[in-house]
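1. Any chance you can model this:
(one chain, ligands or ions: 1)
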Amino acid sequence: MTTALSSLGEEYALHLDAVDPLPARRADFHVPPATAGGYAEVAYLAGNSLGLQPRATRAVLEQELADWARLGVEGHLEAERPWKPYHEFVRDGTARLVGALPVETVVMNSLTVNLHLMMVSFYRPTPQRPAIVVEDSTFPSDSYAVQSQARLHGLDPAEAVVRLRPRPGADCLRTDDVLDFLRTEGHRVALLMLGGVNYLTGELMDIPAITAAGRAAGAVVGWDLAHATGNVPLRLHDWAVDWAAWCHYKYVNSGPGAVAGCFVHERHLADRSLPKLQGWWSSDPVTRFAMGPDVDPVDTADSWQLSNPPILAMAPVLDSLRIFDEVGMEALRERSVRLTGYLAELLDATCAGLPARVVTPADPRRRGSQLSVRISGTGAGDVCSRLRHEHGVIADARQPDIVRFAPAPLYCTHHDVWRAATALTAVLSSPRPGEKHDG
Ligand SMILES: Cc1ncc(COP(=O)(O)O)c(C=O)c1O
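-> Alright, predicted model coming up:
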């Protein structure tokens, strides 16, 4: 098992799985069947887009359906897990996942809605500090969100929104680039809002260093943690992050469009001068049903809630968090580093000479469970389609030229990783008529 040749082989991948000190919890998940590639199940490397369904999710959902059928409206108080305080059941697990105090987190809405709710409170531009700063490769929805927030304040997004670009020739924006920008331009920044792990490149930013520098420059620092939550260990409270928002449908496996999460640092919780959009769930649960005309504020992240929790959408979050508590984020990170490192090794070896290049940082400290491969000569969508239909490998494409592979450590095996790298090599080595290899 020690020669370079054998380390690229299937036997070696199977050996790594056999001796894995923390094997994948594959049996806890539904892995879709494969229709190609000669294996029963797909090699699923798209958990950065949509995590797989935990097998226990169905029972958790069925419990709520049964309680609804049995109790109707009385389920608000009498369901096995009463619906009225349902968001309380997911609070502690969420707080552990992002390294927060329970009062600092709340599960609610969708990610973009939460980003907007946070920006309503924390993007407060002044003539001296008008800027809202994102990375140039921010997720398009975040781009639209910040532009619309600038407009809400009567500002021209072309001037108020600053997009940080990687240095010439670089694929990724580096932490140093952000720190340099803050040193010279920080005095103009009202809000810095970056992705903890960039959705396109898979780069993990240095969240504590950037947060500290942004705050020292007088800016508010918020994070979109869609690709970081459940992927890398987070300590939002200790890092003094102002606020953060994330989704639960990627690495947290709570299902398509699952209810999202939100963090507001303790130091802001009692600040009743913050502007907020409000609804009845912003109000103190003790007095909420007195049905008075005015909000009775609470000094926790709950005060950003608007509506009563969507129970059927929230139930899967409860079960996904249980799995994270059982495995532990630190142990999962160790497995993630090993698995992603193995993928990097295989891609380095197998893509040499092919029109493909990994753009994710090579340093494991600067990435999570994702490697993004830039492909030239063939559309990323076509490559993904062939990976799936010819090899039973699920990855995803970000147009025009990035294929993302995410060996999510909860359920991916070394063998899945080997299948993905081998399939990519096969696809790129045998272009279809009309495709060209231009190196
Ligand atoms: C980084 C990032 N931000 C925002 C979003 C938008 O999420 P939602 O549609 O849940 O609001 C996504 C979706 O994938 C994302 O990856």
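2. So for the longest helix along the chain, what gets flagged as buried?
-> Criterion DSSP state H: the longest helix present in the chain is helix 329-351. By 16 or more other CB atoms under 10 Å, the buried positions in helix 329-351 come out as 329, 332-333, 335-344, 346-347, 350-351. All C-beta spots, glycine's among them, are computed from the backbone N, C-alpha and C.
3. And it, what does it pack against?
-> When contacts are defined as 3 or more CB pairs under 8 Å, 6 or more residues apart in numbering; DSSP states H and E, helix 329-351 sits against strand 356-358, strand 371-375, helix 414-429.
4. okay if I get these as JSON lines plus mean neighbour count?
-> Converted to JSON lines, those look like this (neighbours: other CB atoms under 10 Å):
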{"stretch": "strand 356-358", "mean neighbour count": "19"}
{"stretch": "strand 371-375", "mean neighbour count": "24"}
{"stretch": "helix 414-429", "mean neighbour count": "23"}
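5. just to revisit the earlier point, can you say which of the buried residues of helix 329-351 are also within reach of the ligand?
-> The subset of the buried residues of helix 329-351 within reach of the ligand, by CB under 6 Å from any ligand atom, is empty.
6. Could you look up the SS state of Glu390?
-> Classification of Glu390 using DSSP: H, G, I helix; E, B strand; the rest coil returns helix.
7. Tell me if I'm right that it and Thr422 touch.
-> No: between Glu390 and Thr422 there is no contact under CB atoms under 8 Å: 11.6 Å.
8. And the next helix or strand past the strand of greatest length in the chain?
-> Ranked by residue count, the top strand of the chain under DSSP state E comes out as strand 189-195. As assigned by DSSP states H and E, the chain's next helix or strand after strand 189-195 is helix 207-216.
9. Just the mean pLDDT for that next one, thanks.
-> The average pLDDT for helix 207-216 rounds to 98.
10. what packs against that helix?
-> helix 175-185, strand 189-195, strand 220-224.
11. wait, which of those is closest to Pro130?
-> strand 189-195 (6.4 Å; CB to CB).
12. Quick one: distance of stretch 317-324 to the chain centre.
-> Taking CA atoms, centre = their mean, to the nearest Å, one finds stretch 317-324 lying 15 Å from the centre of the chain it belongs to.
13. Give me the pLDDT value at Ala352.
-> 86.
14. roughly how far apart are it and the ligand?
-> Distance, Ala352 to the ligand, using CB to the nearest ligand atom, to the nearest Å: 30 Å.
15. now that residue: how far from Gly9?
-> Here the criterion is CB to CB, to the nearest Å. By it, Ala352 lies 17 Å from Gly9.
16. Neighbour count: the two, which is higher?
-> Gly9 (14 against 9; other CB atoms under 10 Å).
17. From His414, how far off is the more buried one?
-> From Gly9 over to His414 the distance is 12 Å, taken as CB to CB.
18. same question, Thr126
-> Thr126 sits at a distance of 53 Å from His414 (criterion: CB to CB).
19. hmm, back to that, out of the helices and strands packed on helix 329-351, the one nearest Gly72 is which?
-> helix 414-429 (44.5 Å).
20. Contacts for the closest one, please.
-> Contacts to helix 414-429, defined as CB atoms under 8 Å, 6 or more residues apart in numbering, come from residues 10, 12-14, 16-17, 20, 37, 39, 43-45, 339, 342-343, 346-347, 350-351, 354-356, 373, 375, 378, 383, 386-387, 390-393, 395, 403, 405, 407, 437.
21. Residue ranges in this structure under the pLDDT threshold?
-> For the chain, applying pLDDT under 70 flags the ranges 1-6, 433-439.
22. Excluding covalently adjacent residues, which one is nearest to Met108?
-> By the measure of CB to CB, 6 or more residues apart in numbering, the closest residue to Met108 outside its immediate chain neighbours is Gln305, 5.1 Å from it.
23. meant to ask about Pro157
-> What sits nearest to Pro157 in space, not counting adjacent residues and going by CB to CB, 6+ apart, is Gln147, at 3.8 Å.
24. Spell out which helix or strand contains that neighbour, please.
-> Per DSSP H and E: Gln147 is located in helix 140-152.
25. Can you name every helix or strand that that helix contacts?
-> Judged by 3+ CB pairs under 8 Å, 6+ apart, helix 140-152 is in contact with helix 111-122, strand 131-135, helix 157-160, strand 161-164, strand 189-195.
26. If you count neighbours, what's buried in stretch 359-375?
-> 359-361, 366-375.
27. Can I get these in CSV including distance to Thr300?
-> Output for the buried residues of stretch 359-375, formatted as CSV (distance: CB to CB, whole Å):
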residue, distance to Thr300
Val359, 40
Thr360, 37
Pro361, 37
Arg366, 34
Arg367, 34
Gly368, 29
Ser369, 31
Gln370, 33
Leu371, 38
Ser372, 37
Val373, 43
Arg374, 44
Ile375, 47
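28. Identify, from those residues, the entry nearest to Pro140.
-> Checking the buried residues of stretch 359-375 one by one against Pro140 (CB to CB), the nearest turns out to be Ser372, at 16.2 Å.
29. Nearest residue to Gly99 in space, ignoring adjacent ones along the chain?
-> Closest to Gly99 by CB to CB, 6+ apart is Arg235, at 3.6 Å.
30. Could you report the separation of the one you found from Gly196?
-> 12 Å.
31. Mind checking which of those two has more residues around it?
-> Shown here are Arg235 and Gly196; by other CB under 10 Å, Gly196 has more neighbours (26 against 13).
32. what's the closest non-adjacent residue to that one?
-> Here the nearest residue to Gly196 in space, its sequence neighbours aside, is Ala228; by CB to CB, 6+ apart that works out to 3.3 Å.
33. Output stretch 338-350 as CSV - backbone C-alpha positions only.
-> Provided in CSV are the C-alpha atoms of stretch 338-350 (Å, rounded to 0.1, in the frame of the first residue of the first chain):
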residue,chain,number,x,y,z
ARG,A,338,-8.3,13.6,5.9
LEU,A,339,-11.0,13.0,3.3
THR,A,340,-10.5,16.3,1.5
GLY,A,341,-6.7,15.8,1.6
TYR,A,342,-7.1,12.4,0.0
LEU,A,343,-9.3,14.0,-2.8
ALA,A,344,-6.6,16.7,-3.3
GLU,A,345,-3.9,14.1,-3.6
LEU,A,346,-5.9,12.1,-6.1
LEU,A,347,-6.8,15.1,-8.2
ASP,A,348,-3.2,16.4,-8.2
ALA,A,349,-2.1,13.1,-9.5
THR,A,350,-4.9,12.3,-11.9
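34. residues touching the residue of the stretch 251-400 of the chain found nearest the ligand, list them.
-> When scored by CB to the nearest ligand atom, the stretch 251-400 of the chain has Ala260 as its residue closest to the ligand, at 6.2 Å. Taking CB under 8 Å, 6+ apart as the contact definition, Ala260 lies against 107-111, 113-114, 245-248.
35. of the residues you listed, buried ones?
-> By neighbour count, with 16+ other CB under 10 Å, these hold 107-111, 113-114, 245-248 as buried.
36. Sweet, I'm off.
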